[in-house]
Every structure is written in C-alpha cells, then in structure tokens.
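**Student:** sharing a model that was predicted from the sequence below.
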Amino acid sequence: MDVSIVGSGYVGTTVAACLADLGHRVVNVDVDEGVVSSLNDGVAPIHEPGLSDLVATHAGSRLAATTEYGAVRDTDVTFVCLPTPANDDGSINASVVESGMASLGEAIASTDGRHLVVVKSTVVPGTTEEVLRPAVERASGTVAGEDFDLVVNPEFLREGSAVADFFAPDKLVFGSPTARGHDALAAVYDPLFDRADGEIPVVQTGVREAEMIKYANNAFLATKLSLVNELGNVCKAYGVDAYEVAEAIGLDDRIGERFLRSGVGWGGSCFPKDVSALVAAAREVGYDPQLLEAAVAVNDEQPRRLLDLLAGRVDVPGARIAVLGLAFKPGTDDVRHSRAIPVIESLLDRGADVVAYDPAAAGNMRALFPDVEYAPSAAGALRGADGAVVLTDWEEFATLDGEFDAMASPVVVDGRRIVERREGIEYEGLTW
Ligand code: UDX
C-alpha cells in the first residue's frame, strides 16, 4: 500500500519505518526540514533501538520524507501522528492536530480513491468526531463515511522498545463507526498479522471507545504505580521491604508481576500528560476523578520523601550531593517529567551543591539546569560528595562498589532499588 504519515516525531517516525519494513511504500510529512532531510539520508532523527537499521535499510526505496502535504494525495492511507501538548490546566491542546487535519483535507479533496485517515495522536473522547472530522470535511468538501474513512488507532509503544513493541503488540485497537473502516485499517496491518509469531488481539470498537482506551490504559498503569508507591511508603514506615511484598502479591495473577517496582515515581512523555488530560476531561463533563488526582499527588510526593530521607542523614545546605540518573527511565536520554527535575530543583532550593551524572540524558538535563555540574561518570559524581540520590535504574548503578569509598560521607538514598546495599555505606531505600 501507499502510506503517508503526518508528523515525524517519536511515534510517526517509528510507525513509518516499521510499516516500510512490512512492505508498504511510506512517505513521512513533517514541517521540520532537518527531520525530513535526515530521513531521506537514511538517518533516524530520534534514538530508538532498531530504528536506525530500519531507516537506513528503507530510505530511498520504501521510505521517503517531505515537507509537502500534497504527498498525501498519492497515498491510500494517512496516519496522523501529530502532538497534542498540554495546556496549563492539564487539558490537551488539539490545535496542531486540527490544523494538520485541515491540510490533510485540502490534499485529499482531489483524490480519486477512497482515502483512509487514521488518528494515532492521543485525543480525549469526542475530539475525533467533534473537532477532527469537521476539520477534514470542511477542507476537503467531502464527507466522512461517504467519501473517506476516518478511524482511531491509538499507540501503546514504550520508549526504548518501540520497534519491538510495534512488531509484537499486546493488542491493536481499531475505532471506527463502520465495519468498512475497521476492514480498511486491518488491511494496512495485514503483513504484521502474517509476520507475527502468535495471534495479535484486535479490538474493533467505536471511535470514542478507542480514544478512551488509550487514556484508560495509561491511567491504569500510572495509578497502579502510585498504589505500589503508596504501599511502599507504608512498608517503609513499618520497616518492611516493599519489594518482597511486591514479589508476593505479583504471584496473584489478578495483580500480575509487572509494574510493581516502587520508588521515586513515574515520568515520561505519556503518563503525566495523559493522566492530567483525563483528569481535566473528566472535570469538563462534571465528574470529579478523585483516584486519578490522588495518583498524581502520590507521584508528586515521592521526590520529597526521598529528599527527607537524605536530609535525615546529611545537612543538605552547602552539602555536595551526587544525583545519579537523570532520564525518566533507563535506556533513554529523555528527561521529560523525569523525577530528577523536582529532586534537583528542591536540592538547589535547599542550598545544596549538585553534581549530576547520567549515561545518556545529561545533555538534555543541562538544557534545563545549565548551572548544575555534570560529571562524566558515576565515580566522578560520587567523588567527594556528602551524599548521593539514585533516581534512574540504569544497570551500571548496580555494579557500583568501591566508587562509594571516594565520597566525603558515604550516604546513599536509592529511589529505584538499583544500588547494592553494602558494608561501608549508609544505604537508605525509599520504600524498603
Ligand atoms: C508508557 C506506556 O507504557 C506506553 O504504553 C505508552 O504508549 C507511553 O507511556 P513509556 O513512557 O515509554 O511508556 O514508559 P514506561 O516504561 O511505561 O515507564 C513509565 C514510568 O514508570 C517511568 O518513569 C518508569 O521509571 C516508571 N516505572 C515503571 C516505575 O516506577 N516502576 C515500574 O515498575 C515500572
């Protein structure tokens, strides 16, 4: 098939390269000329394991990029992967997607065939029907369901394993008002069904349901983590190891063993934004989402709890504090909503002298905190420090050992259960 992808960010680029690998001819449309020329040169514009190989293999043959929306006209299907940033009140701002839909509408106005428009952007229930569909219809002078199909297909890729997740998804969600829309989208994924090892569950549902599934999925996972963190806080108060408790409760298959690691909390580009958007959307329709608000509140508290543990052992004003781990999770250089941000802010407020280290994310954190000192290694950060906090579960922190001996006072507060407790250091776990 001829496929166009509007928006070449994290999701759009990954989906484009993976669809090209499945045998489709794919063109990416993006306003950013740098991204477009990078893709055409066969270089992935974002870092994601496996993506560089796919882009290098398919660029120039099945994968191309352009800044011209007109390219959409020569394709059968368009995936819209434009961002939905947060407004100040947490609600989503759909204006980028809306104007993208208008440009798309202009482009498909003169197509002969029946175009399939796929919304991959995360939007709250009702947005596709009430905002995006009218935008395409106005610009194209055509009608959804009659002249073109409009479906919702949310994305569940995780950073750091997005390519692998694409080829082995837990599920695909197809939201469409018509069977025809469901079938058209299934045809795009056909080569994936052929390639996959086992059966891929496909949820064929309505447009609003598909929009909601994405939010419910992320809200559930984020709330699960906040519950695990709250239980961890209670464990800590009783001198109980929350990780032993988690291992046991995870054996109940209604709970499940994954996503039970308690600590300094959740971050990233999805959970914080999606939970806040769902809270705002619920309020908008007159419902007060108390549990989701509590999930956010517990997450906001974890960095403070970690710093209180540190302050119990180190006189923080004027102290040199090593911050190990800046990325929101290991395997990425992404610092968006990383728990390291409130921790560093608070350390600076309390008058500490911060020296930070991360194997991948120091550059991105430097843009936010240019005055913080960045060490080239964990050992460098620990040398001479009066205390250390651990905020990302990078594997290399598990093997730290003699490096702690070079600290001025060997106090380590671990927010991720990654540093090995050992003789000679004052080790404090956040929830154990
Ligand atoms: C998440 C969803 O998993 C994905 O389906 C969605 O499409 C986008 O959001 P991602 O942001 O890549 O993916 O991160 P994920 O691996 O889910 O981790 C999110 C946060 O939870 C990280 O800050 C991580 O450190 C934290 N986490 C995760 C824990 O604190 N404990 C755990 O047990 C698991």
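**Tutor:** Noted; the coordinates are in hand.
**Student:** please count neighbours and contacts with C-alpha atoms only from this point.
**Tutor:** OK.
**Student:** tell me the SS of Q204?
**Tutor:** Three-state call for Q204 (DSSP: H, G, I helix; E, B strand; the rest coil): strand.
**Student:** neighbours of it, just the number please.
**Tutor:** For Q204, the neighbour count with other Cα atoms under 10 Å is 21.
**Student:** look up how far V245 lies from it.
**Tutor:** Applying Cα to Cα, to the nearest Å, the value for Q204 to V245 is 38 Å.
**Student:** just confirm V131 is within a strand.
**Tutor:** No - secondary structure of V131 (three-state DSSP): helix, not part of a strand.
**Student:** with adjacent residues omitted, what lies nearest to it?
**Tutor:** Distances taken as Cα to Cα, 6 or more residues apart in numbering put E98 closest to V131, at 6.9 Å, once the chain neighbours are dropped.
**Student:** what about the strands in the stretch 101-250 of the chain?
**Tutor:** Secondary structure of the stretch 101-250 of the chain (DSSP state E, counting those that start in this stretch): strands located at 116-119, 149-152, 172-175, 202-205.
**Student:** counting contacts, what elements does the second one pack onto?
**Tutor:** Contacting strand 149-152 under the criterion 3 or more Cα pairs under 8 Å, 6 or more residues apart in numbering; DSSP states H and E are the following elements: strand 116-119, strand 172-175, helix 179-195, helix 207-238.
**Student:** and the contacts of the first one?
**Tutor:** Read it as strand 116-119. Residues from elsewhere that reach strand 116-119, judged by Cα atoms under 8 Å, 6 or more residues apart in numbering: 76-81, 128, 148-154, 181, 184-185.
**Student:** pull it out as PDB, backbone CA atoms only.
**Tutor:** Taking C-alpha atoms only, strand 116-119 is exported to PDB below (Å, rounded to 0.1, in the frame of the first residue of the first chain):
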ATOM      1  CA  LEU A 116      -8.400   6.200   4.900                       C
ATOM      2  CA  VAL A 117      -7.500   8.700   7.600                       C
ATOM      3  CA  VAL A 118      -6.100   7.200  10.800                       C
ATOM      4  CA  VAL A 119      -5.800   9.200  14.000                       C
END
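**Student:** give me the sheet partners of that strand and which way each runs.
**Tutor:** strand 77-80 (parallel), strand 149-152 (parallel) (DSSP bridges).
**Student:** that one - what's its average pLDDT?
**Tutor:** The average pLDDT for strand 116-119 rounds to 98.
**Student:** ok, then the element right after it?
**Tutor:** Of the helices and strands lying after strand 116-119 in sequence (DSSP states H and E), the nearest is helix 127.
**Student:** residues from the stretch 201-350 of the chain in reach of the ligand?
**Tutor:** Within the stretch 201-350 of the chain, the positions lying close to the ligand (Cα under 6 Å from any ligand atom) are 259-263, 265-271, 328-329.
**Student:** before we move on, back to that, helix or strand for the residue nearest to V131, which one?
**Tutor:** E98 is part of helix 95-108 when elements are defined by DSSP H and E.
**Student:** distance from that helix to the middle of the chain?
**Tutor:** Here helix 95-108 is found 25 Å from its chain centre; the criterion is Cα atoms, centre = their mean, to the nearest Å.
**Student:** which strands or helices does that helix pack on?
**Tutor:** helix 133-140.
**Student:** the inter-axis angle of the helix it packs on versus helix 95-108?
**Tutor:** Here helix 133-140 runs at an angle of 40 degrees relative to helix 95-108 (axes from the mean of the first three to the mean of the last three Cα atoms, to 10 degrees).
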